[in-house]
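Student: sequence and computational prediction follow.
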Amino acid sequence: MSIHVKDLVKTYGEQKAVNQISFQIEKGEIAGFLGPNGAGKSTTMKILTGYLQQDGGQALVCGIDTAADPIGAKKKIGYLPEANPLYYDMYVREYLYFVADVHQLTDKKQKVEEVIALTGLTPESRKKTGQLSKGYKQRVGLAAALIHDPEVLVLDEPTSGLDPNQIGEIREVIRTLGKNKTVLFSSHILQEVEAICDRVIIINKGTIVADDALSNLQQTNKNNTIVAVEFDQPVGQEMLRALKEVEQIEQLHNTGYKLQTRQPEMVRRQLLELAVQHNLNIISLQNESRSLESIFKSLTA
């Protein structure tokens, strides 16, 4: 496995920022790492990348212990931190050549041109990094993380400051890279995580509260499931409110409704009975998967 975290602990004074968390991420997997502010996400990422030393447990990258051999582990990692550190007086290519020298690359020119093209930096590549917009600064940071072709990518808020078009482009870059690398991806934009990641790890108050495929989380966390129904004619909401276990009703249009419930199968059965009793035709009837946002709120509120 490319990332293996076992019983990881980090304490600041009396506060446990990371409290005995464990997870594994395999090659070819893009895992979304989520949590509210102060939950322990960035601390965990800093331990994985060798910027912080843990107080207990183990963090392995490609089988290398980050505490015992931090340099060896860093050679395997491309890291884009949330506070993207750049030298603003250096030109884009100059900075990337500098990073290539740090990694002791022999084919520097080829690598620099590859990552500039990959991250869409070509139009701005002749400027100083300090002259770039925040979005393009993020691209420079991502290019620097990719330049040595690492096996593992740790990306902390990689789309911060990007406009919608740029977000789409970087999303495609991450999705392409995830086919043959291991990606740990943190973001507060939950729609981005839904679009990019198949698996989600949620941390809250230093503890892992969820670690599963997104599809499984949507199925197993059934509190407040939505049943969407559309009739061939308007139906009075008082009739729908009379159904058992319906907690909230949202009218989508003249004949469509969303019913919030903890018992979706019971509600579906009642809707079918209602249609028979009142000679109504149901055009569509389906359960809607819970959004990642609602799952996140239920686990971290």
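Tutor: It's in.

Student: and Q15, how many residues sit next to it?
Tutor: Residues near Q15, counting by other Cβ atoms under 10 Å, number 11. Where C-beta positions appear, they are placed from N, C-alpha and C, glycine not excepted.

Student: for K46, see how far away it is.
Tutor: 16 Å (Cβ to Cβ, to the nearest Å).

Student: which stretches of the stretch 1-150 of the chain have low pLDDT?
Tutor: Where the stretch 1-150 of the chain drops to pLDDT under 70, the residues are 1.

Student: tell me which residues of stretch 60-80 come out buried.
Tutor: Taking 16 or more other Cβ atoms under 10 Å as the neighbour-count basis, stretch 60-80 is seen to contain the buried residues 60-62, 64, 66, 70, 73-80.

Student: in strands only, show me these.
Tutor: In strands, defined here by DSSP state E, the members of those are L60, V61, I64, I77, G78, Y79, L80.

Student: name the nearest of those relative to D7.
Tutor: Proximity to D7 was ranked across these by Cβ to Cβ; first place goes to L60, at 12.0 Å.

Student: secondary structure class of D7, three-state.
Tutor: Per DSSP: H, G, I helix; E, B strand; the rest coil, the secondary structure class of D7 is strand.

Student: just the element for the closest residue in space to it that isn't next to it in sequence, please.
Tutor: Using Cβ to Cβ, 6 or more residues apart in numbering and skipping residues adjacent in sequence, the residue nearest D7 is G57, 3.8 Å away. Taking DSSP states H and E as the definition, G57 sits inside strand 56-61.

Student: about what we covered before: so can I have TSV of the ones in strands among the buried residues of stretch 60-80 showing distance to Q191?
Tutor: TSV is the format used below for those (distance: Cβ to Cβ, whole Å):
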residue	distance to Q191
L60	31
V61	29
I64	34
I77	27
G78	24
Y79	24
L80	19
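
Student: picking that back up, sheet partners, orientation included, of the strand holding G57?
Tutor: Strand 56-61 has the following sheet partners, assigned by DSSP bridges: strand 3-12 (antiparallel), strand 64-65 (antiparallel).

Student: chain center to it, what's the gap?
Tutor: For strand 56-61, the separation from the chain centroid amounts to 22 Å (computed by Cα atoms, centre = their mean, to the nearest Å).

Student: same question, stretch 176-191
Tutor: Stretch 176-191 sits 6 Å away from the centroid of its parent chain (Cα atoms, centre = their mean).

Student: before I go, just wanted to say thanks for your time.
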